[in-house]
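Asker: Got a sequence here, can you build the structure:
(chains A and B)
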Amino acid sequence: MAGTKQETKNSITLKGSAQLVSEFFYFGINSILYQRGIYPPESFTFQQQYGLTLLTTTDEGVKEYLNNVLAQIKDWLEQGNIQRLVLAVSNVDTQQVLERWDFDIQHEPGFGPQSIKEAKVGSKDLKVIQKEMRDVIRQITASVTFLPLLDCVCSFDLLVYTHQNAEVPEKWAESAPCFITNSQEVRLKSFSTSVHKVEACVSYKVDL
Amino acid sequence: MDGSPEPTVIARTLKDFNQFIFSGKKSGDSSVGRDSRQKLNFSEAFSDSSSIFEDDSRTSVGRSRKRQIDEMTGLDISKRFREKDSQIIDAKTTINRLEGRIHNMELSAKKAKAEMEEELERFKRKQLRDKELIDDLQHKIKQMQAKEREIQGTAHKVKEEYTATSWETESKMINMQREHIEQCNRLQEEITSLRQKALYLERVMEEKTSQVDLAQSYVQDLEKQLAVAQHKLRDSGASQFETEALKLQLDQAKSKIKKLEMHQEELESLQSKSEVFETTVRKLPALEKEIAKLKEENKFLRETAMNTQLLEERLTNAQHQVQLLESRCQDSALMQAKADSYKDALQQYEKVVSEELGLPQATAYDLQKQLMKLKQGDQTIAEGIAELRASQKSLESSRASESAQLSSLRAKLEKQQRNTQQNAQLIKRLQRKLMLVTKERDSLKSILTSYESEVTINYSTVSQERIVKLETQLESYKEELQRLEKELDAFNKESEEEKDVPQRKDDAEKISALEKKVIELEKDIAKLTQEKETLELRLESRALKGDYDPTKTKVIHFENNPFAKAVENRATEIERLQTENDALRERVRLLEEGEMHDITQKVGMKVNSDGPSSKEITELQEKITSMEMRNKRLMEAFKKKSQAIREVMYRLTGYRVDACSDNQYKLISMYAESQADYLLFEQTKNNELQLLETEFSSTLEDMIDAYLRHENCYPAFLSAITLDLFNRQTMDPPPASSIL
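Answerer: Numbering: from 1, shown residues only, chains lettered A, B, ... in the order given. Next comes the predicted model:
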């Protein structure tokens, strides 16, 4: 990985940061899919990451989808077009959104798409970044305790908030924002690669 | 001997062989005699064969003869020769075959021999073994015989012994028998004696029995006697008992007597006592009477006691009442005195009332009314007083505040006055300074003039410079003065303003208004900041919920996402299930209707027919309506167009064409004289036109002849008709359009 190579010098480029963030998304999304039981547990396999044993899907369809989407997200991260990534969990029958996992993405001050040209690099220890990421994933795992049980057939969708002028690639389309009526929000921890800052938040439908 | 003997020979040889083999088999021990016989047989066979050969030789001899015969008989003989040759060859072959067979036989014989020899040896060995066995057995037999002999010896001995013993036993037996007989005799004798004895005894017995009977009768008698005796005894016992009882009774009686004696004594004493009692008893009625009397007295006394108690109580009560009454009497006296005084007072009051209130003979009610009125008046007055007091207090407070204000104002005024004084002093000082300055100026001017007068023209420039400087100085002084004057004016004005109370009040009002405004604004600010905070919080929460600015941001997603897929799968599954459900429902319906055969097929048909569902039906209906509309429009357009074309055609050609039936066309000319004048054409299948006969056509024979029969030209025919009709019409000028 580009990020790990640069870790030796304790300097992180925009590309490296995008790589780190998209990698985090991959593991975060997998964790959510496993923890929320959107796919059966037997379709997951163990993988070591961030000093944790994480579960990643073995379902080829999901894998392909995630790889496609995350590759695109990585591009957007490098271009600075992405503002937010949302994992929306919806009921398949009623098409009602039950959970939103928001990952708000911001550039750290002084960084932007121009920083490639400027050859500007962040200076944060990779170990520290990975520790922050680990904390976020731990929180995702822990949030199962307070989130309501998903007792219906559910599926997920990844929404990307981009700038209005960002071009929409092939096979992508504009989508509804998937708001939850009657929701409760819980802010999770955030992490920063010193180039990108990602703030996590989960909102879920409250049954009254 | 030609052909026929050969098989017999062969058969014989075969038999011989068989015999040989059989004999070979049989003669395991190879008896010489048999061999010789075999040999004999062979010799026989050989002799046979030799005889054959002899025959052959004979035949050969014969052949030479036959040749001659052949020569004589020609073909017949040669044929015979050939036959013979063939026979010979056959015989040879048979011989060869037989030789081979013989060889085979020999070989088999040899083999058999060898086998036989082997068997023989085996048998020999067996025999040897058997011999050994026999020897053994013979030996054994000998042993057995020896043993037998021994046994026989012993048997003899035993027999002898046995005989001896049997003799002995027999003798013994005889002895025993003798003894037995003797004993039997003896026993018989004994028996007889015993029988005799028994008889004797029987007799004795009989006697005895008779004696016993006697005895028994005697015993019975005795028993009877005994029973009587016993009865007597019992009676005596009973009497004894009785006596004993009597004795007891006697004792009891004695004791009783004693007791009775005691009683008697007692009775005697009692009698004495009773006598006394009697005397007393005699007194009893009198006593009873006395008692009754006493009782009555007692009763009376008791009643009297009760009465007395009652009376006492009443007395006490009465005494109390008396006391009370006495006290009341005293009180009443007092009360009367009081009442008198009250009456006086009342009279006085009444007087007063009548005098004061002008109410002659006023009752208490009137008085009360009056009093109420007065009280009400009083109350109103009191309220008025209270109000007045309150107003007074408020006025006092206002006065105090005003006085305070006044004092403050006075203080302010004093201050102002002081200020004005100071200002005045300042003004005086300034005026003095001004004076001094003017004096200085004057002095300087005078000095200047003196200098001018003193100094020559040389210094004029310097002096001029100085003058300019001084003038500027002066001007600055002037300016300062003006400024000071202005200041003074301002001060004066200020003092004047301060002195102006109403103006100050206005100011105060303004200030208070401003202060109020300030307070209000501060409140507004606080409110707004709160609102801002809440709005910020809301904004944050909205952001948390995923809100975004649609002008800056757009939400996109991968089209082929798992959710979309899941939804699609769901939809297809639901659709599938619905179709299945429909099919099953149809099946159930059919089953309920009792259809049992070809259900699946029928269901399939039904579902297919119903399959399109209402949606498709509506779609199709819509299509149909649209198609119908189109059709209608097309028809209309077509009608319009055709009408126009027909009109034009009519105008141009002068004929109106009507399709009256299939492939028949009616033509009416523009110039026809009547509606009945029409032509009828028919279009045949091969697209040719034929003129059909009508009333009108029958009048046109010549034209038909001219144009149709010869030229087969319809247009010319038709135009000829039009021309003809036209000419006819135009001949007589006013024909008008016969048509239309």
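
Asker: Can you give me the buried ones in stretch B:667-687?
Answerer: Residues of stretch B:667-687 classed as buried: B:L667, B:I668, B:S669, B:M670, B:Y671, B:A672, B:D677, B:Y678, B:L679, B:L680, B:F681 (neighbour count, 16 or more other C-beta atoms under 10 Å in any protein chain shown). No exception for glycine: its C-beta is placed from N, CA and C like everyone else's.

Asker: doesn't B:Y655 make contact with the fourth one?
Answerer: Just to be clear, that refers to B:M670. Yes - if you go by C-beta atoms under 8 Å, B:M670 and B:Y655 touch, sitting 7.0 Å apart.

Asker: can you list residues touching both of those two?
Answerer: B:T722 (C-beta atoms under 8 Å, 6 or more residues apart in numbering or on different chains).

Asker: so where do the helices sit in chain A?
Answerer: A:2-7, A:14-35, A:60-79, A:115-118, A:126-142 (DSSP state H).

Asker: if we can go back for a sec, would you convert the buried residues of stretch B:667-687 into CSV that also reports distance to B:F17, pLDDT and secondary structure?
Answerer: Listed next are the buried residues of stretch B:667-687 as CSV, based on distance: C-beta to C-beta, whole Å; pLDDT from 0 to 100; DSSP: H, G, I helix; E, B strand; the rest coil:
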residue, distance to B:F17, pLDDT, secondary structure
B:L667, 130, 84, strand
B:I668, 135, 84, strand
B:S669, 137, 83, strand
B:M670, 140, 81, coil
B:Y671, 143, 82, coil
B:A672, 139, 80, coil
B:D677, 138, 80, coil
B:Y678, 133, 82, strand
B:L679, 130, 83, strand
B:L680, 126, 83, strand
B:F681, 124, 84, strand
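
Asker: For the nearest residue to A:A176 once chain neighbours are set aside, pull up the helix or strand it's in.
Answerer: Spatial nearest neighbour of A:A176, excluding adjacent residues (C-beta to C-beta, 6 or more residues apart in numbering or on different chains): B:V555 at 7.2 Å. Under the criterion of DSSP states H and E, B:V555 resides in strand B:553-558.

Asker: Summarise which helices and strands that strand is packed against.
Answerer: In terms of contacts (3 or more C-beta pairs under 8 Å, 6 or more residues apart in numbering or on different chains; DSSP states H and E), strand B:553-558 is packed against helix A:60-79, strand A:82-91, strand A:154-163, strand A:172-174.

Asker: same thing but 6 Å
Answerer: strand A:154-163, strand A:172-174 (3 or more C-beta pairs under 6 Å, 6 or more residues apart in numbering or on different chains; DSSP states H and E).

Asker: Give me the buried positions along the longest one.
Answerer: Residues of strand A:154-163 classed as buried: A:C154, A:S155, A:F156, A:D157, A:L158, A:L159, A:V160, A:Y161, A:T162 (neighbour count, 16+ other C-beta under 10 Å).

Asker: can that strand be found next to chain B?
Answerer: Yes - judged by C-beta under 6 Å from any C-beta of the partner chain, strand A:154-163 and chain B are in contact via A:S155, A:F156, A:D157, A:L159, A:V160, A:Y161.

Asker: What separation do you get for A:L87 and A:E174?
Answerer: 18 Å (C-beta to C-beta, to the nearest Å).
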